[in-house]
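A.B. asks: Based on what follows, work out the 3D shape:
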Amino acid sequence: MLRGRPVTPGTLGTTRPLHSIGGELCRPAPLAALAVLALNDHVLKGAGLLPGALTGKLSDFAGLFLFPVLLFVLLRGCTSSSRQRLAWASAGLTALGFAGVKLHPETNALVSATWGPMLLDPTDLVALPMVALAACWLRREPPAASRPARLLAVMATSLACGATSRPQVHRAYPEWRLETLGARQLGCARIEPWISKSGKEGFGLSIMARKAQAGDCRVEVVSAEAQIDGAGFAAERTAPLELGHDDRFLYVPFVFDNQAQWNAGKRTGTLTVALRFNGQVTETLRVSMRHVFDAPHRHEGGRAPIEPARPPLVMAEPDAGGGP
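C.D. replies: Model prediction:
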């Protein structure tokens, strides 16, 4: 009678060496990718040491090599697929997910809500060849590594791939600011003006208003002009606003070539706004303003909070001329 070799429990249907699962992450290539990813996300980004375009792509290249390796390790413990097939499956899933995040708005929104903000940027797909490189690299069985080393490598890689970057550092741009702030009473209303938006194509004036006396109070902007070192820029018309005892908001946009004003060295101006109340009483608001540039960078966490009802502060990217 022919007698086969005894079957060891746990080995049927699989050829994976259990003692080496996770050993892939202990090898020099993924360890180097892990170091680059962690250093770039938590030190280099926003520090000004390297161009933003470079730091933005470094994480993509490192992550697209490292993530398929991590996925391979996680899947290998629960499947009997061949090493080569699993390597290419891990690479394919990574590529598919990355492309979805960078190209599909709904996928991007879903991932960003759970994983942290991720840009919808098709140019990041330039890093996709790294998943193929990872698949080819994974075809070789790793040398033996101790269990603590493999566990530590899996944990560190999981944290690096799952953790978001440190708070981003936003560049501060030139912006118009009113020199005299604070609430004041005009006509039947109590108002408070501030410049809530400043960029290359002009600025926006927000006016918070509420009724300050009994009876009806309706406010409208009759005219609005910004005088900047002798040049006048009129605002676009806005709809009248019925006021109550709660805060309500007028937004007055001034559209002009603000970039040219900055590059020409024009830093001061006067804002004049004529407001009509209940269709009869006209009051004039006149405020000095300055075009300022405080600091090269500022942290997102250090920005003053903006009331939800106010138009958000928006800064436009300057061109090589260094304008707002």
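A.B. asks: make it CA atoms for all contacts and neighbour counts henceforth
C.D. replies: OK.
A.B. asks: Start and end of stretch 219-238, how far apart?
C.D. replies: 11 Å (Cα to Cα, to the nearest Å).
A.B. asks: Okay, domains of the protein per the record?
C.D. replies: 18-167, 175-296 (automatic domain parsing).
A.B. asks: Which of those domains has the lowest mean pLDDT?
C.D. replies: When the domains of the chain are compared on mean pLDDT, domain 18-167 scores lowest, with a mean of 77.
A.B. asks: With mean neighbour count added, can I get the domains of the chain in a markdown table?
C.D. replies: A markdown table is the format used below for the domains of the chain (neighbours: other Cα atoms under 10 Å):
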| stretch | mean neighbour count |
| --- | --- |
| domain 18-167 | 17 |
| domain 175-296 | 17 |
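A.B. asks: Tell me where the longest helix sits in the protein.
C.D. replies: Assignment by DSSP state H gives helix 52-76 as the longest helix of the chain.
A.B. asks: Check which helices and strands that helix is in contact with.
C.D. replies: Of the remaining helices and strands, those touching helix 52-76 by 3 or more Cα pairs under 8 Å, 6 or more residues apart in numbering; DSSP states H and E are helix 28-39, helix 83-103, helix 129-137, helix 147-162.
A.B. asks: Using CSV, lay out those together with distance to Arg177.
C.D. replies: Converted to CSV, the helices and strands packed on helix 52-76 look like this (distance: least, Cα to Cα, whole Å):
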stretch, distance to Arg177
helix 28-39, 37
helix 83-103, 37
helix 129-137, 47
helix 147-162, 40
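A.B. asks: Looking at those, which is nearest to Leu64?
C.D. replies: Of all the helices and strands packed on helix 52-76, helix 129-137 sits nearest to Leu64, with 5.5 Å by Cα to Cα.
A.B. asks: Could you tell me the angle between the closest one and helix 52-76?
C.D. replies: For helix 129-137 against helix 52-76, the angle by axes from the mean of the first three to the mean of the last three Cα atoms, to 10 degrees is 40 degrees.
A.B. asks: Which secondary structure elements does helix 129-137 sit against?
C.D. replies: The contact analysis (3+ Cα pairs under 8 Å, 6+ apart) places helix 129-137 against helix 52-76, helix 83-103.
A.B. asks: For Arg140, which of the ones you listed is the nearest?
C.D. replies: For Arg140, the closest of those is helix 83-103, at 8.4 Å, according to Cα to Cα.
A.B. asks: Return the angle between stretch directions for that closest one and helix 129-137.
C.D. replies: Put simply, helix 83-103 runs at 170 degrees to helix 129-137, going by the same axes, to 10 degrees.
A.B. asks: ok, and what's touching helix 83-103?
C.D. replies: Contact with helix 83-103 is made by 16, 64, 67-69, 71-72, 75-76, 107-108, 111, 118-122, 124-125, 128, 131-132, 134-136, 138-139, as judged by Cα atoms under 8 Å, 6 or more residues apart in numbering.
A.B. asks: rewinding a little: Arg218: which of the helices and strands packed on helix 52-76 is closest?
C.D. replies: Among the helices and strands packed on helix 52-76, the nearest to Arg218 by Cα to Cα is helix 83-103 (46.8 Å).
A.B. asks: Please report the distance of Trp115 from Ala134.
C.D. replies: Distance of Trp115 to Ala134, computed by Cα to Cα: 23 Å.
A.B. asks: ok, now Phe233?
C.D. replies: 58 Å.
A.B. asks: Contacts only, for Pro240.
C.D. replies: 218-221.
A.B. asks: With distance to Ser80 and secondary structure added, can I get the residues you listed in TSV?
C.D. replies: Formatted as TSV, the contacts of Pro240 follow (distance: Cα to Cα, whole Å; DSSP: H, G, I helix; E, B strand; the rest coil):
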residue	distance to Ser80	secondary structure
Arg218	74	strand
Val219	74	strand
Glu220	73	strand
Val221	73	strand
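A.B. asks: Among the residues you listed, find me the one that's closest to Cys26.
C.D. replies: Among those, and counting by Cα to Cα, the member closest to Cys26 is Val221, at 67.5 Å.
A.B. asks: and that closest one, what are its bridge partners?
C.D. replies: Assessed by DSSP bridges, Val221 has beta-bridge partners Leu275.
A.B. asks: likewise Ile207?
C.D. replies: Assigned bridge partners for Ile207, using DSSP bridges, are Pro193, Leu250.
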